[in-house]
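**Q** next come a sequence and a model predicted from it.
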Amino acid sequence: METTTLQWSAAATATAAAAAFYWFVWVMGSAEVKGKRAVDLKMGSITRDKVQDEYKQYWSFFRRPNETAESSEKVPDFVDTFYNLVTDIYEWGWGQSFHFSPSLAGRSHREATRIHEERVVDLVQARPGHRILDVGCGVGGPMRAIASRSGSDIVGITINEYQVGRARAHNRKAGLDAACEVVCGNFLQMPFEDSSFDGAYSIEATCHAPRLEDVYAEIYRVLKPGAMYVSYEWVTTGLYRTGDPAHVEAIQGIERGDALPGLRRQDQIAGIARKVGFEVIKEEDLALPPAGPWWSRLKMGRLSYYRNHILVSILTILRIAPKGVVEVHEMLYETAKHLTRGGETGIFTPMHMILCRKPLAGGDDSTTA
Ligand SMILES: C=C(CC[C@@H](C)[C@H]1CC[C@H]2C3=CC[C@H]4[C@H](C)[C@@H](O)CC[C@]4(C)[C@H]3CC[C@]12C)C(C)C
Ligand SMILES: C[S@@+](CC[C@H](N)C(=O)[O-])C[C@H]1O[C@@H](n2cnc3c(N)ncnc32)[C@H](O)[C@@H]1O
């Protein structure tokens, strides 16, 4: 072969390789929904050199069930660390709404997510002029959907400072920053006045509280009498057998990979709500048929997890992503398997819906706010 032909084919091969790499990292590796790309994986407010250490500390705390009062006090700090580690990966691989939803025939994941969020508007009776609290708001996917649909003002609270920045940036970009406010704080001691909200909701967030009564009591305190509260709770169902090792493995796998101090049983939730003073209007497991399986989205993602694993490994070698990202990604992959098993066996649901009302002063519960 002539030298020029060789040079041409070498150049063509190099261009094709560069194009493939670009496509793999920036196109395939871009967020499924809006914005976050693999090259932007930062690991929250943790400095690059601390990611691996923080991950190890997180893992040794949540690795095994731990129920002492002393360890309960540490939970919010470790939950904060958890969200520093996972927020960018969640946004990159899942989108701006950090929760599950029933799959709906003929609808995309994005549509199903939005429908699940908009359900909250009717349940809490959110209207223009109302001030509604989002307990554990993440980067604000649900908040934006609920503000747009209802015309209410939403105030979200999250313990993770990095999420506050992400949520505010998304709110600005969506032109919703006047309607959506985001506060950094602990939902166990909220920086809000008594009786200052017309409604409240929590989507897959209160499962991080060591004692559900503590967060429910705080929500009760800040609601106006007559106001509604709805929560989508992560719980074990009546099918869970503590004597079955396969069940226990799945549930403990869910707990340690999702920063949970211990899943509660489905039949405990209403009692806890009543104990803090709420009237329970309705309870329903939104995962039950006719709802389509919420875990199908996790199963369909298998191929992209492998691609993502290769991608984060390459980015770590190139020092674009901080050391430790591969371990965090691996943990999430394992967690996805436990969640899928929990869904398939029916021993776990992430969408046990409970609708409550704070009674009107004087005990007249007949009307709402
Ligand atoms: C409510 C909570 C979070 C629920 C879900 C939003 C997340 C639970 C598990 C997460 C994921 C698992 C696998 C990841 C995959 C390996 C990666 O390549 C891309 C992101 C994942 C799909 C990631 C996305 C978010 C979850 C589905 C808890 C914390 C209470
Ligand atoms: C799985 S995410 C769900 C976020 C959001 N509800 C959504 O559906 O997109 C759980 C959220 O709860 C927040 N959270 C957990 N424990 C908290 C605490 N003690 N105080 C405030 N927020 C907390 C996390 O920071 C995170 O934003």
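**A** Sure thing, it's come through. Ligands and ions are numbered 1, 2, ... in the order given.

**Q** is ligand 1 contacted by stretch 264-282?
**A** No. Stretch 264-282 lies out of reach of ligand 1 by Cβ under 6 Å from any ligand atom, never closer than 12.8 Å. Using the backbone N, CA and C atoms, a C-beta is placed for each residue, glycine as well.

**Q** quick check: buried residues in that stretch?
**A** Buried residues in stretch 264-282, counted by 16 or more other Cβ atoms under 10 Å: 264, 266, 269, 270, 272, 273, 276, 278, 281.

**Q** give the contact list for the last one.
**A** Shown in contact with residue 281 (Cβ atoms under 8 Å, 6 or more residues apart in numbering): 228, 355, 356, 357.

**Q** mind putting the residues you listed in JSON lines, secondary structure and distance to ligand 2 included?
**A** What follows is the contacts of residue 281, written out as JSON lines (DSSP: H, G, I helix; E, B strand; the rest coil; distance: Cβ to the nearest ligand atom, whole Å):
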{"residue": "228", "secondary structure": "strand", "distance to ligand 2": "17"}
{"residue": "355", "secondary structure": "strand", "distance to ligand 2": "17"}
{"residue": "356", "secondary structure": "strand", "distance to ligand 2": "17"}
{"residue": "357", "secondary structure": "strand", "distance to ligand 2": "21"}
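
**Q** out of those residues, who's the most crowded?
**A** Sorting the contacts of residue 281 by how many neighbours each has (other Cβ atoms under 10 Å) puts residue 356 first, at 28 neighbours.

**Q** bridged to that residue, which residues?
**A** residue 229, residue 280 (DSSP bridges).

**Q** doesn't residue 226 make contact with it?
**A** No. In this structure, residue 356 is not within contact of residue 226 by Cβ atoms under 8 Å, at 11.7 Å.

**Q** before we move on, back to that, which two among the buried residues of stretch 264-282 are spaced furthest apart?
**A** Farthest pair in the buried residues of stretch 264-282 (Cβ to Cβ) is 264 and 281. Separation: 19.6 Å.

**Q** isn't residue 146 right up against residue 122?
**A** No. Between residue 146 and residue 122 no contact is recorded; they are 10.6 Å apart, counting by Cβ under 8 Å.

**Q** name the residue in those two with the higher neighbour count.
**A** residue 146 (29 against 11).

**Q** return the backbone torsion pair for the more buried one.
**A** For residue 146, the backbone dihedrals are phi -70, psi -40 (criterion: degrees, to the nearest 10).

**Q** repeat for residue 224
**A** Per-residue torsions, residue 224: phi -70, psi 150 (degrees, to the nearest 10).

**Q** show me what contacts it?
**A** Counting by Cβ under 8 Å, 6+ apart, the residues that residue 224 touches are 195, 196, 197, 198, 358, 369.

**Q** how many neighbours does residue 297 have?
**A** 18.

**Q** so it is in which element?
**A** Using DSSP states H and E, residue 297 sits within helix 296-300.

**Q** mind giving me the packing neighbours of that helix?
**A** helix 325-345 (3 or more Cβ pairs under 8 Å, 6 or more residues apart in numbering; DSSP states H and E).

**Q** could you export the helix it packs on as PDB, CA atoms only?
**A** This file holds the C-alpha atoms of helix 325-345, laid out as PDB (Å, rounded to 0.1, in the frame of the first residue of the first chain):
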ATOM      1  CA  VAL A 325     -17.700   7.200  41.300                       C
ATOM      2  CA  VAL A 326     -17.300   3.700  40.100                       C
ATOM      3  CA  GLU A 327     -18.000   2.200  43.600                       C
ATOM      4  CA  VAL A 328     -21.000   4.500  44.000                       C
ATOM      5  CA  HIS A 329     -22.300   3.400  40.600                       C
ATOM      6  CA  GLU A 330     -21.700  -0.200  41.400                       C
ATOM      7  CA  MET A 331     -23.700   0.200  44.700                       C
ATOM      8  CA  LEU A 332     -26.600   1.700  42.800                       C
ATOM      9  CA  TYR A 333     -26.600  -1.100  40.300                       C
ATOM     10  CA  GLU A 334     -26.800  -3.700  43.100                       C
ATOM     11  CA  THR A 335     -29.600  -1.600  44.700                       C
ATOM     12  CA  ALA A 336     -31.500  -1.700  41.500                       C
ATOM     13  CA  LYS A 337     -31.400  -5.500  41.600                       C
ATOM     14  CA  HIS A 338     -32.800  -5.600  45.100                       C
ATOM     15  CA  LEU A 339     -35.500  -3.100  44.300                       C
ATOM     16  CA  THR A 340     -36.500  -5.200  41.300                       C
ATOM     17  CA  ARG A 341     -36.700  -8.300  43.500                       C
ATOM     18  CA  GLY A 342     -38.700  -6.400  46.000                       C
ATOM     19  CA  GLY A 343     -41.200  -5.300  43.300                       C
ATOM     20  CA  GLU A 344     -41.400  -8.700  41.600                       C
ATOM     21  CA  THR A 345     -42.000 -10.600  44.800                       C
END
